[in-house]
Each structure stands twice: as structure tokens, then as C-alpha cells.
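>>> Compute the structure for the input listed below.
(one chain, ligands or ions: 1)
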Amino acid sequence: MTDNRYPTETLDVTILNIDEKGYGYAKHVHPPDRGSNGRTLHIYVTNVVPGDVVRVTIPDAKGRRKAIVTYDELLKPGPTRNLEIPTDVAISGGTPLQYMNYEAQLEYKMALVKNFLAEQGFDSSLVQPIIGMDEPTRYRNKMELTFGGNGELGMHQQGNFRKVIDLEDSILAPHIMVTVKKIVSTWQKDYHLPGYDKTNKTGLLRNLLLRYSFATKELMVVLYATEGPAAYQTAAEDLTQRLTSQFDNLISLQWMKHASSGERIQADETFILHGRDYLNDELNGFKYRIWPDTFFQANPIQAEKLVNLALEMADVNKDMHVLDLFCGVGTFSLPLAQKSKALAGIEIVENSIISAKRNAKDNGLNNTYFMTADARQGLIDLKEAWGHPDLLVLDPPRSGAGGKVMRSIGRFGTDKVVYVSCSPKSLTDDLVWLRNFGYELVTVQPVDQFPHTTHVESVALLKRVNSKMQ
Ligand SMILES: C[S@@+](CC[C@H](N)C(=O)[O-])C[C@H]1O[C@@H](n2cnc3c(N)ncnc32)[C@H](O)[C@@H]1O
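Coordinates of the predicted model:
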């Protein structure tokens, strides 16, 4: 029911800045009157850049303090707007910065890293100029698409997890993935297969995972559905035919049953429709086997730079024992092992450790020791099983390592720590812990791992300057 005291208002506002989630911020102070008492309305707008003047429609404007909206009309573009991108393109949650020119995106990310560190009293001049991409498009080796309830196949709308925007094309996806997407969408329509409706929890098709190795050219296609393929035999065979006839490099086509209502993409049962269940990839000259659920760096061009930076900061030699905490399938471990005396890796996902061991073997490395464990417990057990490292490299998930793990690292007391982070906020929080244990921040190198998104990766080097224990 509409509240007549607070009618819908149309406002022309100027975007002041872009927040850390990619929303443009504008504010509107209502003129003092009976309805609002001069109250400020904070407006968060999608698809904008700083300085844009946009017209927005806000329901119940005077009754709110905050509104998240998409603009109706761009009245004047801001100075950093990339005018080559059409302004009427609906934007998915994946690329909130795509309307900003690339130089400005890099500046925005530099400022994020510097500001988070400065807020906690670190010297922001230690932050080196960000390393961007020469060609910042179509860089992803993995795309996870979602089927919507109305025949869409694409990405979630920014700020609305229930709405899927059909993906005609994506600035992030290699052309081959866009072609696969089109074939799968046509196939879905031809067989009238319903997409999964998250609200009613009905429908068949849930997600489409695409992996493509730029190095080996191998292509993997994985379909997630609420049922297995048995009742859809003809459709499944035809999908196989459509894809294999188009792509000689399709080395894996899998149908995964995912029956539970949980949002996280997962497989209760695997059905291989074509080829094998993994893909071969390469990074920094090392070979990796990647399964559908294996974590692997998604931008290989920037990931190679990241690994090289970590190696440079680590400055390892053949006398050193190195620990790679949160090691995954060994992206940092293998290059570190090649240059050191011995390397240990700790990781919580058992399949990743199985894969890391195999990857070490496939690459002829025999000085590695991999352990499936939670980071904190792993640090305790490692000393017993393997000894004390000279250097610790860590690459935790976006949420950071957290206080308990950082305190354990502080007590562990290696002379040098190389911290690879995908969130400047959690990096800063974790570095505060290390500072309390007598570590000094030497340098921070941001890397733009994901152009057009708000994410920024950083590699930080820390040295222990006193052994003060907390
Ligand atoms: C950002 S990824 C880095 C992986 C690896 N360094 C790479 O580049 O491929 C973070 C890794 O931490 C692992 N992880 C998450 N929580 C963990 C925990 N509590 N203990 C150990 N590993 C954990 C994840 O499974 C994931 O492989």
C-alpha cells in the first residue's frame, strides 16, 4: 500500500564517489517541511561513475534514510565514464566498475588499499603503484552462470541475488565461453527445460560452470541440475552432440546433480557425458590438474605476475624451508619448492591437497610436504611433523586469516612473511596482528587481478624486527 505522506520522488543527483562494493553514492537533503524535517537521504546507484549526474526515482523518498536504485536517465556523464559502453546495458553483479575507464579503476583500487592501511596507522607510502592489465577484458578462465526462472542464463543483478540477467556477452568471458553459453541457452529452449526458481525451489537447471585454459586450450563444461540426466537422456545426448561437434577441445562435459536447496554450487553426484573429469592447465610453467570444484586463480595473466611478485619478495634460496599456508592446489607452493630446500603446504580442502601432491609429482618436485588441516591446527602439527620454516607465505580466503591464525603465525615467529591477499580490508586487519608481534611492513604491491570488479589483490612483505610476544 502506498503511503501518501511519502510519495515517490524523482530526483537529479550527482554521484560523489564509488563505495567499496561499487555503488555510486549521492545524497539528497529534503527541503524542511512537514514530511521530512530536512532529513538526508543517502542514495546508492548502480552503473555509475563519480561526477555522473543521473535522474533517479525513489519510492517513499521522504520516509527513508537510504535507497539503492538503478538510474532512469544519465543527464551528464562524469569525467571518467567510458563512453564506449552503452548506458542502457543492464549490469550484472559481476562488473560494477565497467562504466569507469581503466585508468580510473586502477586509481580507485589504489585508493582502497592505501585508505584501509592508513586507517590503521600503516604508512601508505609503502604501497607501490598498482600493476594493471595491458588488455583488461575477457581474462577469466572460469565463469559460473546461473539459470533463472524465466529462461535466463547469466549473472545475478547487482544487489538482487534473485534476479538473473541473461548474458548476451560479458566483458570478462573469453569468446569461446560466450559461444558455449549461446549453445546451452538454445538447447534449453529447444527441450523446454525449466531453470531453477530460487523462490519456489522448483525447476531443473541451476548453474553452468565453464572453464577454459588459455595455456592448453582445453575446455570444460559442467551443468548443475536438481536431477541426474537419466530422465533427460535424449536432451543430454543432444547437448553432447551440439558441443562436441562445435569444439574439438571439449575435454570434459559433466552433468552434476545438485538437489539440496543451498545456494552454493555443489555436486551430490557426477555424470560424465563426455571426456574426463578434469582439465589440464599451466601457470608459471607448471602443470596443474583442475576439477570442477578446484580453486584455481581465475585470471592467469595476473596470477603469473602475482606468483612472480611473491617469489621476488620471498627471495628464497636452496637453504631455506618454506611454508605455504592456505596453499590450495599449490599455485605458490610449486614455484617456491623449485627454489627452496623444502616446502610444506597446509590447506583445509582435502581434494586440493590430493591435487597439490599430484601436481608436485607431475612437475618433478620431490621436496614438498602437503598437509590437509585447518590453518591454525596445521601450524601446530607442522612443527612436530616437518620442522620450523624460515619463511611463511600465506594466501587466505577473502575473509582473511583472522585473529586466531594470525596470533599463531605471530608466535610461530618466522623472520619473514609474504602475505597474498584478495581483500585490502582483511589484509589490514591481519597486518595489525603481525605488527603486535613485532613485524614491520616493508612493502605492499597491489595487482589488478579482476578488472571491472571492485576486487583488488595485494602482496605484502613483512619482516620481524623484534621478538616482542603478545
Ligand atoms: C585464496 S585461496 C588460495 C589458494 C592458493 N594459494 C592458490 O593461489 O591457488 C584460499 C585457500 O584457503 C583455503 N582455506 C580456507 N579456509 C581455510 C582454513 N581455515 N585453513 C586452511 N585452508 C583454508 C581454501 O580452501 C583455498 O584453497
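
>>> now the strands: where do they sit in the stretch 201-350 of the chain?
205-212, 219-225, 250-257, 269-275, 279-283, 286-290, 321-325, 342-347 (DSSP state E, counting those that start in this stretch).

>>> now those strands in TSV, with mean pLDDT and distance to the ligand?
Every residue, glycine included, has its C-beta placed from N, CA and C. Listed next are these as TSV, based on pLDDT from 0 to 100; distance: least, C-beta to the nearest ligand atom, whole Å:
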stretch	mean pLDDT	distance to the ligand
strand 205-212	98	14
strand 219-225	98	17
strand 250-257	98	19
strand 269-275	97	20
strand 279-283	96	9
strand 286-290	94	9
strand 321-325	97	7
strand 342-347	97	5
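
>>> Just put those strands in JSON lines and tack on mean neighbour count.
Converted to JSON lines, the strands of the stretch 201-350 of the chain look like this (neighbours: other C-beta atoms under 10 Å):
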{"stretch": "strand 205-212", "mean neighbour count": "22"}
{"stretch": "strand 219-225", "mean neighbour count": "24"}
{"stretch": "strand 250-257", "mean neighbour count": "21"}
{"stretch": "strand 269-275", "mean neighbour count": "15"}
{"stretch": "strand 279-283", "mean neighbour count": "20"}
{"stretch": "strand 286-290", "mean neighbour count": "20"}
{"stretch": "strand 321-325", "mean neighbour count": "27"}
{"stretch": "strand 342-347", "mean neighbour count": "26"}
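
>>> Export those as CSV, with columns for distance to G195.
Below are these laid out as CSV (distance: least, C-beta to C-beta, whole Å):
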stretch, distance to G195
strand 205-212, 5
strand 219-225, 10
strand 250-257, 15
strand 269-275, 19
strand 279-283, 26
strand 286-290, 26
strand 321-325, 40
strand 342-347, 34
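
>>> got a list of what the closest residue to L145 other than its chain neighbours touches?
Leaving aside its chain neighbours, L145 sits nearest to L208 (4.4 Å; criterion: C-beta to C-beta, 6 or more residues apart in numbering). Residues near L208 by C-beta atoms under 8 Å, 6 or more residues apart in numbering: 144-147, 153, 181, 184, 221-224.

>>> possible to save those residues as TSV with distance to A356?
As requested, the contacts of L208 are exported to TSV (distance: C-beta to C-beta, whole Å):
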residue	distance to A356
E144	23
L145	28
T146	30
F147	33
L153	33
K181	31
V184	32
V221	25
V222	22
L223	27
Y224	25
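
>>> pretty sure T244 contacts I251?
No - at 10.4 Å, T244 does not count as touching I251 under the criterion of C-beta atoms under 8 Å.

>>> Can you tell me how far the residue of the stretch 301-450 of the chain found nearest the ligand is from Q241?
Nearest residue of the stretch 301-450 of the chain to the ligand: G328, at 2.8 Å (C-beta to the nearest ligand atom). Distance, G328 to Q241, by C-beta to C-beta, to the nearest Å: 35 Å.

>>> More neighbours: which of those two?
More crowded of G328 and Q241, by other C-beta atoms under 10 Å: G328, with 22 against 12.

>>> Phi first, then psi, for that one.
phi 60, psi -130 (degrees, to the nearest 10).

>>> T226 too?
Backbone torsions for T226, taken as degrees, to the nearest 10, come to phi -70, psi -20.

>>> i'd like the first residue to be 43 from this point on
With the count now opening at 43, the last piece we talked about shows up as T268.

>>> Tell me who's in contact with it.
Counting by C-beta under 8 Å, 6+ apart, T268 touches 238, 245-246, 248, 299-301.

>>> before we move on, back to that, mind listing what the residue of the stretch 343-492 of the chain closest to the ligand touches?
Taking C-beta under 8 Å, 6+ apart as the definition, contacts of G370 comprise 336-338, 389, 391, 394, 398, 437.

>>> cutoff 10 Å now
330, 336-339, 387, 389-391, 394-395, 397-398, 437 (C-beta atoms under 10 Å, 6 or more residues apart in numbering).

>>> same check, this time on I293
Residues near I293 by C-beta under 10 Å, 6+ apart: 253, 255, 258-263, 316-322.

>>> can you do 6 Å?
260, 317 (C-beta atoms under 6 Å, 6 or more residues apart in numbering).

>>> Could you find the closest non-adjacent residue to Y411?
Nearest one to Y411, counting by C-beta to C-beta, 6+ apart, is A386 at 4.6 Å.
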